[in-house]
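Trainee: all I have is the shape, not the residue letters:
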C-alpha cells in the first residue's frame, strides 16, 4: 500500500508523476510492439487510431456477453463506437433542460393520476401503472414493467365503542367526513381507515394514554406506576413511526393500540380553522399507514417475491409483522375516549390541543371495545420503468425513483413526485430529439406498494442486488416532492457539493429573483447550512443505500403536511393550499433531473469524499461527547474511528488530485480513447466506495440493514441515525451498565472503523 501521509501538494505531485509514468510506460510498450511488427516507429495519431479500433472491437464483443445480464432485463448494453461530447455541448443541454419546465404538464399529470384512490394491489393502482408507462412511451422512452406477488392486507371490518361506567355506550363511525367543495372526499372508493399489516383481533379493556408512544413515554408510565399490560393504549401521531408505537405497546403488554392525530400536531392547535377553510386536518381526518417493521414483502425477507419464491408463514417471527391489532382514529373519535380517562394528570408536555381541561392517563374507568378484521392476501404489484441507454457507459446506472401507490388520492404523497418524474421524462424526450444522449444509462423507476413497507423497490433491489452492487452509480429519490414551503434536500455526503451547485442553478419558486440555494440557506437555523441525511427508512432510497450501499439523494419541498395519508390529500387541497401554480413541482423536477444529468454526463463522476470524511469527523466528535455523558469506562474509546477518518481524508485528497490530473490529460475534444480505461477505473472507485461502508453481518438485530454509517434508529424507523450500531448499543449500555454491554459498544466502534478503513482503500485504488 502506498503511504499517503504527506500534504496535499505532495500528493498531487506524486499522483501526477505516477499518471505520467503510467502514460509513458503505455506509450513505450506500444512503440516497441509497433516497431517489432513494422520496422518503424509509430506516430501518436497512428497509435490513437489503432487503439480506438482495438477498443471498439473489445467493447462490441463485450456487448454480446453482457446483453442478457442487465438491470431489470431491459437495459441494452450494445456498446457504440467512441462518441465525442464536449463539456460545452453537455452544458447547453443541461441549461435547456431547466428551460423546458412546464407547470401545465405537471398539473395535468397530477390531476390524471389522482382522480381515484389507488391503494397498492387494486385495479385503480394498475391504471396508474398503465398511465405512467404510456407517458414514458409517449415521450419516446423505452418502457417496461416488472411484477411481484407479495403479501398485502386490506380492511374487512372494524368497530370501536366506548362503554362508560354509567352504562351508556358511544359508538364511533371510524370514517372521515366529506367536506363541502371537495368532491373527492365523497368518493365511495376511499378505503376505510386502517393500518397496513395489522392482524385481526378483538379487545375489550381499559384505555391508557401514552403520549407519542415512544420508549421514554412508556418508561414514564412505569415510573408513575401505570401498568399497560392488558390495556388498550391510545397514543398520538407525531414523533416516531407508527409501527414503533405498536411495537412499543406490544412489548409492554398492551392488547391493542389506537393512534389519533391531535390538533396540536396536525391542525395548528385548532386556532386557524380546518379544511376546506384552511389547510389543516379536519377533526374527522385520519392518518392511515403501515405498522410493519421490515422492508419488502414480509414473507420473502431478503429475496425477491417472484411466483416460485420460498415464502414464510404469516406467523413466523422473521416476518417482523405486528403482533397486536391497531387502528388509526380521528381527533373527533379520540376526544370522548380521552375525556373518559381518570387517574394521574399527564405531564404538561403530553397535553395536546383537544378541547378537554386536562389529559389524564387512566387506566379507565371506562372500557374500550375494539374489533378489527383484515384480509391478508398475496397479490400482484407492478413496478414501471423507462430506460435511456448511455452512449459510452451503458452498464453504469443513474437511477431516479418515486413510488406511485397511495393510501387515498396521494396528491402529495407520492404523486407530487410522480408528476415531477413524468415531467422529467418529457424534458428528457425533447432533449433526446435535440441530440442529447447521456454518457451513462438513466433508469426511471415508478415503484409500487411503498406505503406497505417499501415493498416494490425492495423486491426490485433484492432481485437485482448483484447487478446494482456492481453498476449503480447513484439513486435519486423523490416521494412527497411537494408538501409545503422550503426546500429540504437529503443525501449521502459525497453528493453535497454537487447538490448545492445545482440548487444555485434553479430559481426559487416562491422568490424568482433568487435561487433555491439562496432560499435554502435562509431557511437554515445552523451557522453552517447542512443537507439532511438518509438514515431513516422513510422512502425508497432505503433498500438502495442501507442494503446495497448505493449513494442516494431524497428531494422535497416542504417537511411534512397535515393531510398526510388522509382522504383529503387530493388535487383540490394541493391546488388550493400547497402549490397553486405548480411552480414548486417545476423546481423540484429541475433539481432532480439536472442532478441526474450531471451524474450521467460528466466524464468524471462528481463525488467529493472530503465532504464525507468531514461529516464522519463530526459524528465521531459527537460520539465522544455521548460516551462522556453516558459515563462510559475510559477504555471505551472512539479513537479507532478517528484514525480511520484520517485515512479517509488522505484518500479523498488523493483521488481529488488524481481526477484533476486526469482531466488535464483527458480533453474530450481530442478523443484520447486510450484514457477511457483510466477514467473508468477512477469512476469505479468513486461510486463503489459507498459499498465499503456495508458489513455483511448487518446491524445488531437487523441483518438486512448492512450500512454501518446510516440506518434507522431501533426506536424509530423514520429516525435517521449516524453510526446506528454504536448508538443503539450505547443506549443499552447506559441502562445496563455492565462489562458485557460496554464491550459491545467498543465492538461496534471497531466495526465502524473497519468499514471506514475499507472505504479509504477503495478510494486509493491499490492493493495493500
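Mentor: Arrived safely. In this text, all values refer to a predicted model and were calculated from it rather than measured experimentally. Numbers count the residues shown, from 1 in each chain.
Trainee: which residues in the stretch 351-500 of the chain form helices?
Mentor: For the stretch 351-500 of the chain, the helices defined by DSSP state H, counting those that start in this stretch occupy 415-433, 455-463, 465-471, 496-505.
Trainee: identify each buried residue in the shortest one, please.
Mentor: For helix 465-471, a neighbour-count test (16 or more other Cβ atoms under 10 Å) marks 465, 467, 468, 469, 471 as buried. Every C-beta, even on glycine, is put in place using the N, C-alpha and C of the backbone.
Trainee: can I get those in JSON lines including distance to residue 581 and pLDDT?
Mentor: Shown next, in JSON lines, are the buried residues of helix 465-471 (distance: Cβ to Cβ, whole Å; pLDDT from 0 to 100):
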{"residue": "465", "distance to residue 581": "42", "pLDDT": "98"}
{"residue": "467", "distance to residue 581": "41", "pLDDT": "98"}
{"residue": "468", "distance to residue 581": "38", "pLDDT": "98"}
{"residue": "469", "distance to residue 581": "42", "pLDDT": "98"}
{"residue": "471", "distance to residue 581": "39", "pLDDT": "98"}
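Trainee: from these, which is closest to residue 662?
Mentor: residue 471 (21.5 Å; Cβ to Cβ).
Trainee: mind checking how far the closest one is from residue 443?
Mentor: For residue 471, the distance to residue 443 equals 10 Å [Cβ to Cβ, to the nearest Å].
Trainee: and if you look at residue 452?
Mentor: Taking Cβ to Cβ, one finds residue 452 at 23 Å from residue 443.
Trainee: ok, the two, which is more surrounded?
Mentor: Ranked by neighbour count (other Cβ atoms under 10 Å), residue 452 and residue 443 place residue 452 first, with 27 against 22.
Trainee: residues in contact with the more buried one?
Mentor: 120, 150, 152, 196, 197, 290, 292 (Cβ atoms under 8 Å, 6 or more residues apart in numbering).
Trainee: would you confirm that residue 362 contacts residue 339?
Mentor: No. Using Cβ atoms under 8 Å, residue 362 makes no contact with residue 339, being 11.3 Å away.
Trainee: so between those two, which is more surrounded?
Mentor: residue 362 (26 against 16).
Trainee: and residue 90, what does it touch?
Mentor: For residue 90, counting by Cβ under 8 Å, 6+ apart, the contacting residues are 597, 601, 602.
Trainee: which one is the second one nearest to, not counting chain neighbours?
Mentor: This points to residue 601. Once flanking residues are discounted, residue 601 sits nearest to residue 90: 4.8 Å by Cβ to Cβ, 6 or more residues apart in numbering.
Trainee: can you tell me the element the one you found falls in?
Mentor: Secondary structure assignment for residue 90, by DSSP states H and E: helix 87-99.
Trainee: right, so of the helices of the stretch 351-500 of the chain, which gets closest to residue 311?
Mentor: Closest among those, using Cβ to Cβ: helix 455-463, at 12.8 Å.
Trainee: need the contact partners of the closest one.
Mentor: With Cβ under 8 Å, 6+ apart as the criterion, helix 455-463 contacts 72, 120, 146, 148, 150, 152, 295-297, 300, 302-306, 381-383, 401, 403, 405, 445, 447-450, 468, 540, 542-544, 547-548.
Trainee: quick one on the thing from earlier: can you say which of the helices of the stretch 351-500 of the chain is packed in most?
Mentor: Neighbour counts (mean count of other Cβ atoms under 10 Å) averaged over each of these peak at helix 455-463, with a mean of 27.
Trainee: part of a strand, is residue 721?
Mentor: Yes. Read with DSSP: H, G, I helix; E, B strand; the rest coil, residue 721 is one of the residues of a strand.
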